[in-house]
Every structure is written in structure tokens, then in C-alpha cells.
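K.L.:
Sequence and computational prediction follow.
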Amino acid sequence: MARYMGKNGKVKLGTGFVTPVVSFDIEETVATVDATAMEDTWETPLVGVKSWSGTITLRHDPANTAQAARAGDTLLFEGYPDGNAVGKEFLSGTVVVESRAQSVPHDNVVDLTLRVKGVGALSIGAVV
């Protein structure tokens, strides 16, 4: 089983890579409806609508125009957990930026966190 370090990860929003990335998290979910009836001994979930969302945390860099995303923007997202070399896994899809938050601690660097919501399907494939 292949394993890799997150330090090689990359994120692209729109047409450019955003840097420097601290982390990104993508979660794919599906709504379920409970169809269990009386006298059933096990739950019977029915599969509903799928969705995906995530967060992208960056070291804030006002000079990086790819970090200019604002709440309400619709962008192309590409996430590369192990870099963008040929054959590596990547996730992609269109996202709406739900929120943009800056963390400004007195004793550390300023971070920027984007909360995104997928529009349509999340694609998972390999870099070609």
C-alpha cells in the first residue's frame, strides 16, 4: 500500500496554484433516509443526494492573486494530495467559496482559511 506525506500536497483554485498551503480537507458525503419499519431488526437506509465540501488553509500572502477568492466566488478546484506529477492522485470539481476567514494571532503567522462547497460531482483521478 502506497503512503505519502502531506508536505507534497498542492491546491489550484481557478487557473493558479495557491501558495503556501498549510492543509486541505475534502469530504464527500451522502444523505440517507431511514426506511426502517416496525418489526425490522436492522436499519434500512436509502441513499439520497451526494455532496462534497472542504477547507483550504493557507499562509496568508496578499501578493498571491490565487488567494483573492472571496465568499460567493465560484472557482475550479484541484487538490493534489501527493504533488502533481504524472500518475499521482488528484481531486477536482467546481466549488463555491462559502466563507473566507483570517486568523491573526499575536505570536504566529497569519493564516487564511477558505470553506468550499462542491457544485456537482467531485472527480477523483490520476494526473496525466
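P.N.:
Cool, got the structure. Numbering: from 1, shown residues only.

K.L.:
need the helix or strand of the protein with the lowest average pLDDT.
P.N.:
Sorted by mean pLDDT, DSSP states H and E, the helices and strands of the chain end with strand 16-18, the least confident at a mean of 90.

K.L.:
Output the contacting helices and strands for whichever helix or strand comes after that strand.
P.N.:
Downstream of strand 16-18, the first helix or strand assigned by DSSP states H and E is strand 21-34. Packed against strand 21-34 by the contact rule (3 or more CB pairs under 8 Å, 6 or more residues apart in numbering; DSSP states H and E) you find strand 10-13, strand 45-59, strand 111-126. Using the backbone N, CA and C atoms, a C-beta is placed for each residue, glycine as well.

K.L.:
hmm, 10 Å instead?
P.N.:
With contacts taken as 3 or more CB pairs under 10 Å, 6 or more residues apart in numbering; DSSP states H and E, strand 21-34 sits against strand 10-13, strand 45-59, strand 74-80, strand 89-103, strand 111-126.

K.L.:
Most tightly packed of these?
P.N.:
Highest mean neighbour count of those: strand 10-13, a mean of 20 (counted as mean count of other CB atoms under 10 Å).
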